[in-house]
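*Asks:* Okay, predicted coordinates and the sequence, questions at the end:
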Amino acid sequence: MNTFILHIRISAKCPTSHSPSSVLHCQLSISFSTSTIHTIIMLNCPCLSTSCSVFQNMMKKILPVVCFFLSLTFRAQLFSFNPGEHHYAELSLENSTVLFTYITNLTADSVVMEWRKIEDTLPEAGLPGDGWFTEMCDPGSCYIDLPNNGVMPGPIAPGEEGFVKLILNPQGQEGSGLVHYWVYPAGQMELHEDFYFHVWTPGTVGIAEQNTESISVYPNPASSVLNIQTHEMGLCKIFSADGKEVRSIHIANPGYTITEVGGLPEGLYLVMLNDGVTKMEIAREQ
């Protein structure tokens with residue numbers, strides 16, 4: 001846990017009947033932590049008139065709001081996610097597929113992890129044999145369907161991990177979708193961090209899973225070389241159909257980037273840059 005302390009000197013005219021041009025000097029001390037929103041404010045304003053107290057009261061009302069946003073700006077990442085914030089996977093059409101996202105506590109304190117489902121675009125769940133069958137587990141419990149929220153047993157020590165597990169069986173129904181979760185220290189939803197499951201059945205990577213505004217690829221299908229056109233900088237990642245990262249390319253400048261894909265097996269892949277996602281196929285002439 002890192003703590004920042006800011007000392008700020010504030011001066012303002014504070015007229016009195018004895019000295020119309022007198023100046024009020026305030027010493028402001030702000031202490032906030034990178035892993036919590038806890039903020040300590042000390043405002044010391046020596047004052048000679050009641051009019052100065054108006055200034056002090058105003059500052060004391062405004063500063064907590066300012067410090068709240070400062071703490072959110074400077075706070076470090078609380079959790080890491082394995083295999084990543086975005087978990088991509090192709091499901092078996094007839095059998096259950098089990099997907100894990102492991103969540104590691106990066107703070108210096110033990111944390112009780114709370115999770116909350118934010119979005120669910122999977123095909124409608126049903127009973128065995130009728131629609132997609134869905135089950136969700138954390139280290140404490142398993143739930144039929146995908147409940148809205150829960151708390152993992154804990155606390156979880158620094159460097160240790162919890163997990164969210166999805167068990168999905170399309171039961172023969174083709175489709176695709178995503179499940180979006182938040183995780184945060186219990187009772188502190190404002191510190192949430194996001195993670196996602198993106199899933200599809202064979203051959204049906206849905207349009208809903210793609211955001212091609214910032215990234216496009218050609219030729220598609222590709223055989224040996226892939227051209228990636230981007231409008232942003234960042235780390236471009238290529239995922240295989242089973243959700244494994246098979247390539248990462250640093251995009252230093254927007255424009256065109258060429259990468260070799262001749263060593264990758266034939267099949268369906270996802271190419272991701274920041275929030276941009278597009279699908280790509282590798283196929284070779286026989």
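*Replies:* In hand now; what should we look at?

*Asks:* C-alpha only now, for contacts and for neighbours.
*Replies:* Fine.

*Asks:* Please enumerate the strands of the stretch 151-286 of the chain.
*Replies:* 161-169, 176-185, 193-200, 215-218, 225-230, 234-240, 245-251, 255-260, 267-273, 276-282 (DSSP state E, counting those that start in this stretch).

*Asks:* would you list those strands in TSV and tack on mean neighbour count?
*Replies:* Formatted as TSV, those follow (neighbours: other C-alpha atoms under 10 Å):
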stretch	mean neighbour count
strand 161-169	20
strand 176-185	20
strand 193-200	21
strand 215-218	20
strand 225-230	18
strand 234-240	18
strand 245-251	15
strand 255-260	14
strand 267-273	21
strand 276-282	21
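
*Asks:* so which of these gets nearest Asp109?
*Replies:* strand 176-185 (10.6 Å; C-alpha to C-alpha).

*Asks:* helices and strands around that closest one, which ones?
*Replies:* strand 113-120, strand 193-200 (3 or more C-alpha pairs under 8 Å, 6 or more residues apart in numbering; DSSP states H and E).

*Asks:* 10 Å - rerun?
*Replies:* strand 79-82, strand 86-90, strand 113-120, strand 149-151, strand 161-169, strand 193-200 (3 or more C-alpha pairs under 10 Å, 6 or more residues apart in numbering; DSSP states H and E).

*Asks:* Rebuild the ones you listed as a markdown table, extending it with distance to Pro139.
*Replies:* Output for these, formatted as a markdown table (distance: least, C-alpha to C-alpha, whole Å):
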| stretch | distance to Pro139 |
| --- | --- |
| strand 79-82 | 15 |
| strand 86-90 | 19 |
| strand 113-120 | 11 |
| strand 149-151 | 9 |
| strand 161-169 | 6 |
| strand 193-200 | 17 |
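
*Asks:* Just send those back as TSV, with distance to Ile251 and mean pLDDT too.
*Replies:* As requested, the helices and strands packed on strand 176-185 are exported to TSV (distance: least, C-alpha to C-alpha, whole Å; pLDDT from 0 to 100):
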stretch	distance to Ile251	mean pLDDT
strand 79-82	22	94
strand 86-90	19	85
strand 113-120	30	95
strand 149-151	37	95
strand 161-169	31	96
strand 193-200	23	91
